[in-house]
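K.L.:
structure, please.
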Amino acid sequence: MRIDVAVSGGEAELRSLRDWLSRDPGARRGAHVELVQAEPSPGQMGVVTDVLQLITDNAWSAASFALALSTWRQTRPHARRITVRRGDLTVSLDGGGDEELRRLLDVLEPPTAPEPPDPDPDRDREQDLDRERDQDGRADGGEGR
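P.N.:
You can find the predicted model right below:
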């Protein structure tokens, strides 16, 4: 999964965040972090900005990253606007409150696939009944099935 992070305040702030994340074992586990130039958004006049780009794997923890991002933000002398994008989903963090962190996690967590419905819900019940009958037959000294 690819995640782009932009921070108001310029390249120095991005470098600070990159350094912070590189020292946080929970945030860096399962993620490759680098400073890259973002491609202009549709309709943008070719303005190129720097972003942190995270390429994550299955070992990556969105919660650890969100916590590290929030903690880094609290260390800054001025509140910085942080914009996180995953695919078509974007969230901007201005105040760092609980609601913003929930929205951030909603963007970062890939949707979980719903459990497929059981094609025959009675099948499990029938198997349970068969097992009970087998056990009862053995307990009575019978041979079971």
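
K.L.:
pull out the buried positions in the helix or strand hosting Glu34.
P.N.:
Glu34 belongs to strand 31-37 when elements are defined using DSSP states H and E. Neighbour-count burial for strand 31-37 flags Ala31, Val33 (criterion: 16 or more other C-beta atoms under 10 Å). In short, each C-beta sits where N, CA and C put it, glycine included.

K.L.:
can you name the element that comes right after it?
P.N.:
Where DSSP H and E defines the elements, the next helix or strand beyond strand 31-37 is strand 50-56.

K.L.:
show me what that following strand is packed against.
P.N.:
strand 2-7, helix 11-23, strand 31-37 (3 or more C-beta pairs under 8 Å, 6 or more residues apart in numbering; DSSP states H and E).

K.L.:
now do it and helix 11-23, the angle between them.
P.N.:
20 degrees (axes from the mean of the first three to the mean of the last three C-alpha atoms, to 10 degrees).

K.L.:
before we move on, the earlier item: just how off-centre is the strand holding Glu34 within its chain?
P.N.:
What separates the centre of strand 31-37 from the centre of its chain is 17 Å, taken as C-alpha atoms, centre = their mean, to the nearest Å.

K.L.:
contact partners of that strand?
P.N.:
11, 14-15, 18, 21-22, 48-57, 60, 65 (C-beta atoms under 8 Å, 6 or more residues apart in numbering).

K.L.:
and it, what's its mean pLDDT?
P.N.:
Averaged across strand 31-37, the pLDDT comes to 86.
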